[in-house]
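Novice: sequence first, predicted model second:
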Amino acid sequence: GAVVSQHPSRVICKSGTSVKIECRSLDFQATTMFWYRQFPKKSLMLMATSNEGSKATYEQGVEKDKFLINHASLTLSTLTVTSAHPEDSSFYICSASVHEQFFGPGTRLTVL
Amino acid sequence: GDSVTQMEGPVTLSEEAFLTINCTYTATGYPSLFWYVQYPGEGLQLLLKATKADDKGSNKGFEATYRKETTSFHLEKGSVQVSDSAVYFCALSNAGNMLTFGGGTRLMVKP
């Protein structure tokens, strides 16, 4: 149990385009989902916390208009990177939480 | 605020060697403590956890004991394998399931 999926696992896009990443809890309902960003050989940086049906809470320094988060249901949250630039290239990891966080496998975004 | 400090890597060991990865924390109250493992190109997997002082978490031969007096949660394994090569993250959770991560320690095990 407690499986979290992310789609896509890897995406390459052109600069200026938008990319949507989905995070799903497959066998449980998550009250809260978290989005992290991980730079190469670095730790995870929390970007935002989202609760179903309400606006996401963004960490300091994270642009909410650039990283749009939608938490449409108790099993789905999406992160949209708008007008992507090469510096947005990173590994994005989501987690879904009930009593503890369960992590997705991550999405590798490369912006050319 | 809460913080987690773990030893910088990489840690390079030969197969069957003893492993220790140090982790210390600063937190108010009584946090839960975790070790996560990240294999190349993958997300994080929970390795073990402890929720109160003197608890020992264990899994797949790894162990860590919640030491409140030294605010530590060191990860140990008696005999590492090549397949243990990964990045290990120490983390704490204090409220609302929010996790605070250490910087990660890369372990490389050579045959």
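Specialist: Now that the structure is in, tell me what you want to look at.
Novice: return the residues of chain A in contact with chain B.
Specialist: A:4, A:6, A:32, A:34, A:41-44, A:46, A:49, A:93, A:95, A:97, A:99-106, A:108 (C-beta under 8 Å from any C-beta of the partner chain). Placement of C-beta: from N, CA and C, glycine included.
Novice: can you turn the buried subset of those into a selection I can paste into PyMOL?
Specialist: Buried residues among those (16 or more other C-beta atoms under 10 Å in any protein chain shown), as a PyMOL selection:
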select buried, chain A and resi 4+6+32+34+43+44+46+49+93+95+97+100+101+102+103+104+105+106
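Novice: what is the least confident helix or strand in chain B?
Specialist: strand B:99-101 (a mean of 91; mean pLDDT, DSSP states H and E).
Novice: helix or strand for the residue nearest the centre of chain A, which one?
Specialist: Centroid check for chain A by C-alpha atoms, centre = their mean gives A:W35 as the closest residue, at 4.0 Å. Applying DSSP states H and E as the criterion places A:W35 in strand A:32-38.
Novice: and the helix or strand just after that strand, what does it pack onto?
Specialist: As assigned by DSSP H and E, the chain's next helix or strand after strand A:32-38 is strand A:44-51. The helices and strands touching strand A:44-51, judged by 3 or more C-beta pairs under 8 Å, 6 or more residues apart in numbering or on different chains; DSSP states H and E, are strand A:32-38, strand A:57-58, strand A:67-73.
Novice: most packed of the ones you listed?
Specialist: Of these, the one with the most neighbours on average (mean count of other C-beta atoms under 10 Å in any protein chain shown) is strand A:32-38, at a mean of 24.
Novice: many thanks, we can stop here.
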